[in-house]
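In: below are the sequence and a predicted model for it; my questions follow.
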Amino acid sequence: MTNEFVSPVRSIPYPQEKIYAVLSDLTNLEKVKDRIPVDKVQDFEFDKDSCSFSVNPVGKVRFSIVDREAPKTIKFAGEQLPVQVNLWIQLKEVQPDDTKLKLTVKADLNPFLKPMLSKPLQDGVNKMADVLAAIPYGEL
């Protein structure tokens with residue numbers, strides 16, 4: 001059963017193209033990895049198209065970019081997970097230097113896992129949107 005977790009829309013004070021350029025090349029994470037909470041995420045590794053990390057209690061997970069639609073959408077697929085997970089980053093510039101960001105996660109959770117994972121997944125999506133909105137894109 002597919003469940004959807006959607007972040008609140010966040011405003012980012014940078015042009016859509018700049019944000020897309022940073023987020024669509026995961027090597028840019030090198031510049032902001034010090035902002036990733038080490039108490040939540042360990043063993044963080046990345047290349048241009050994928051990133052992996054360890055998170056309790058799940059363990060090592062990996063996300064790979066499976067589609068880019070410049071400058072508005074980046075789609076990821078989860079790997080090394082017990083369930084199928086997909087993530088979308090959506091960007092929409094509403095005015096110059098005012099871009100809206102929304103994250104969507106779709107996860108195939110069976111009825112047994114849904115009560116245990118729904119809140120952590122929603123919290124994770126919300127925190128990820130907050131982190132992405134706080135990146136100083138103008139400095140990258």
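Out: Yes, it's here. Residues are numbered from 1 along each chain as shown.
In: can you find which helix in the protein contains the most residues?
Out: helix 114-134 (DSSP state H).
In: what is it packed up against?
Out: strand 2-6, strand 10-12, strand 98-108 (3 or more Cβ pairs under 8 Å, 6 or more residues apart in numbering; DSSP states H and E). Backbone N, C-alpha and C define where each C-beta goes, glycine included.
In: low-confidence stretches in this protein?
Out: 35-40, 56-58 (pLDDT under 70).
In: and D49, how far is that from R10?
Out: For D49, the distance to R10 (Cβ to Cβ, to the nearest Å) stands at 24 Å.
In: whichever helix or strand R68 is part of pairs with which strands, and in what direction?
Out: Element membership of R68, judged by DSSP states H and E, is strand 59-69. Using DSSP bridges, strand 59-69 pairs in its sheet with strand 50-55 (antiparallel), strand 73-79 (antiparallel).
In: looking at these, which is nearest to I65?
Out: Checking those against I65 by Cβ to Cβ gives strand 73-79 as the closest, at 5.7 Å.
In: buried residues, that closest one. List them.
Out: Within strand 73-79, the residues that count as buried by 16 or more other Cβ atoms under 10 Å are I74, K75, F76, A77, G78.
In: and it, how far from the chain's centre?
Out: Distance of strand 73-79 from the chain centroid (Cα atoms, centre = their mean, to the nearest Å) equals 8 Å.
In: repeat that for stretch 119-138.
Out: The answer for stretch 119-138 is 7 Å, by Cα atoms, centre = their mean.
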